[in-house]
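Peer 1: I'll drop the sequence and a predicted model, then ask my questions.
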Protein chains: 2
Amino acid sequence: MLHDPAQLDRMFQALADPARRQMVDRLSRGPASVSQLAEPLAMSLSAVIQHLNLLEASGLVRTQKLGRVRTCQIEPTALRAAERWINERRLAWERRLDRLGDFLAETRDET
Amino acid sequence: MLHDPAQLDRMFQALADPARRQMVDRLSRGPASVSQLAEPLAMSLSAVIQHLNLLEASGLVRTQKLGRVRTCQIEPTALRAAERWINERRLAWERRLDRLGDFLAETRDET
DNA sequence: TTAACACTGAAGTATTTACTTAACTATTGC
DNA sequence: GCAATAGTTAAGTAAATACTTCAGTGTTAA
C-alpha cells in the first residue's frame, strides 16, 4: 500500500504546499497539538485544520485525540516512500551516466 | 541557491502532478524529445509543453534545442535537493525517537 | 520551393485549491 | 452550571491549475 500510486499522488500533493511543509517541519522536531501547529502560521485555525486533514489523508501525519486536544505526529514510513520515489529516479539516471562513461572510456581505448 | 525556499517550493509543486512525475520517470531512463515525452500521455502536445516548462523552471529538468527538436534531461542535483529536504525531516524525527528510547531505558534502570 | 515536422504561444474554460467567516460541538476547570 | 478552551464543519470566494483549440514559428528533406 506504500506503492499505491494514488497514495504517492496525495503525498507529493501534500508536500507541494509551503504551509504544509512547514507543519511537517515542525512535527519533525516532535509531536504537537493543532494550535501549536497553527501558532507560527499566518492563517486561521480553520485553514490549518484543513491542511492537517490533507496531511493525514496523505499518510504523512498521524493524529490522535485525547480529550479536547488532537496530537499530531509524523509517519516516517510515508516520508520514506516519497524519498524513495525520488531516489530511485535519480539513481537510475546516475547509473545510466556511469554506464555511458564506461562505454566512452572503452571506445577511446579501442582506437 | 539549492536551498532557496522558493526553488524548493517550485520543485515540490512540480512533483505534485502525476503527469509531470511520469515525465520525470521517463527521463530517468534517458534523455527524450518533447514528442517522446508526450507520447504515453493522454493530453495535447501543448499541455505537455506547459508541464515541461514548469519542470524546467523548477530546476528538475534541463532542455536544449538543436534544430527543431528540444531534448530534455534530468537535473539530478535538483532531485537531490528535494530528496534531502524529506530525508532531513525524517531523520530528525527518528533521532528524536531514538533519544526517547534511550531515556526510557535509562529511567527503567534507575528503579 | 514547398510540404511535413517539431515545437510554441495565446486565449479561453472548467476544476481545484487555499483560504475566509461564522456557527457549532465536546472538554475542562472553577 | 458556566465560561473558557480546543477543535470542527459548512459555505462561500478569489486565485491558481490543468487542460483545450487554434494559429503560429523555425527546421529539415524531397
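Peer 2: Sure thing, it's come through.

Peer 1: tell me which helix or strand in chain A has the weakest average pLDDT.
Peer 2: helix A:76-109 (a mean of 88; mean pLDDT, DSSP states H and E).

Peer 1: check whether that one contacts chain B.
Peer 2: Yes. Helix A:76-109 reaches chain B (CB under 8 Å from any CB of the partner chain) through A:76, A:79-80, A:82-83, A:85-90, A:92-94, A:96. From N, CA and C alone the C-beta is placed, and that goes for glycine too.

Peer 1: what angle sits between that helix and helix B:76-109?
Peer 2: 140 degrees (axes from the mean of the first three to the mean of the last three CA atoms, to 10 degrees).

Peer 1: now helix A:76-109: buried residues?
Peer 2: Neighbour counts over helix A:76-109 (16 or more other CB atoms under 10 Å in any protein chain shown) mark A:76, A:78-83, A:85-87, A:89-90, A:92-93, A:96 as buried.

Peer 1: what's the closest of these to A:E56?
Peer 2: Distance ranking of these against A:E56, using CB to CB, places A:A78 first at 10.3 Å.

Peer 1: picking up where we left off before, same for the least confident helix or strand of chain A, what does it pack against?
Peer 2: helix A:5-15, helix B:18-28, strand B:69-74, helix B:76-109 (3 or more CB pairs under 8 Å, 6 or more residues apart in numbering or on different chains; DSSP states H and E).

Peer 1: just put those in JSON lines and tack on distance to A:S35.
Peer 2: Output for the helices and strands packed on helix A:76-109, formatted as JSON lines (distance: least, CB to CB, whole Å):
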{"stretch": "helix A:5-15", "distance to A:S35": "21"}
{"stretch": "helix B:18-28", "distance to A:S35": "34"}
{"stretch": "strand B:69-74", "distance to A:S35": "42"}
{"stretch": "helix B:76-109", "distance to A:S35": "21"}
